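Asks: 3D model of this:
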Amino acid sequence: VQASLSGVALSGAVFGAANTLGFGISAATGSHLHLDLIGTGAFVVNAAVSIARCKQGSPQKTLPLRTLVTAACVGAWGTRLASFLFYRVLQTKHDARLDEMLSTTGGAAQFWFLSFLWGWLVALPQSLLTGAPRAAVPPLGIVGKAW
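Replies: A predicted model of the protein is given here:
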């Protein structure tokens, strides 16, 4: 349980740092072209950091397949989505979805705090998985289900 919680704490630190950076950019520049890049990109960073931490704490040379596949899927999804959304906003030069909320520093702080909570909660299953001791993660079943 303690190892899983440390994975959750690490995930919180990654999302906290990413969203603090995003807020800093928003507050300093008034721009919000970076929202999707940082918000979604944090999932990629979190997956990479959690795998690195998992490898560091594992006496075995290989990590469980489920841990690797989960991190790879999260990384691929995050890279694809962040790339597309950032490309789109660079083409349009403006993202009007959140103009009203991001027009004040308080609104930007609220947005980035909610982005932190959203990211941390959505990443929770992957964070718990990579933080779990190896014995707590049963092998994949024949059809890909955990039994």
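
Asks: report the buried residues of the helix or strand of the chain with the lowest mean pLDDT.
Replies: Lowest by mean pLDDT, DSSP states H and E among the helices and strands of the chain is helix 124-131, with a mean of 84. For helix 124-131, the neighbour count (16 or more other CB atoms under 10 Å) marks 126, 127, 128, 129, 130, 131 as buried. To be clear about C-beta, it is placed using only N, CA and C from the backbone, and glycine gets the same treatment.

Asks: kindly report the same for stretch 90-110.
Replies: Using 16+ other CB under 10 Å as the burial criterion, the residues of stretch 90-110 that qualify are 95, 102, 108.

Asks: pretty sure the last one sits against residue 23.
Replies: Yes - shown here, residue 108 and residue 23 form a contact pair, counting by CB atoms under 8 Å, at 6.0 Å.

Asks: okay, and the residue nearest to residue 122 when sequence neighbours are not counted sits in which element?
Replies: Closest residue to residue 122 apart from its sequence neighbours, by CB to CB, 6 or more residues apart in numbering: residue 43 at 7.7 Å. Element membership for residue 43 (DSSP states H and E) is helix 35-56.

Asks: and the contacts of that helix?
Replies: Residues from elsewhere that reach helix 35-56 (CB atoms under 8 Å, 6 or more residues apart in numbering): 7, 10-11, 14-15, 18-19, 21-22, 25-26, 63, 67-68, 71-72, 74-75, 77-79, 81-82, 85-86, 89, 95, 98, 111, 115, 119, 122-123, 126-127, 130-131.

Asks: show me what the helix or strand following that helix packs onto, helices and strands only.
Replies: Counting by DSSP H and E, the next helix or strand C-terminal to helix 35-56 is helix 65-92. Applying 3 or more CB pairs under 8 Å, 6 or more residues apart in numbering; DSSP states H and E, one finds that helix 65-92 contacts helix 35-56, helix 124-131.

Asks: what about the most centrally placed residue in the chain, distance to residue 90?
Replies: Centroid-nearest residue in the chain, with CA atoms, centre = their mean: residue 43, separated by 2.2 Å. From residue 43 across to residue 90, the span is 20 Å (CB to CB, to the nearest Å).
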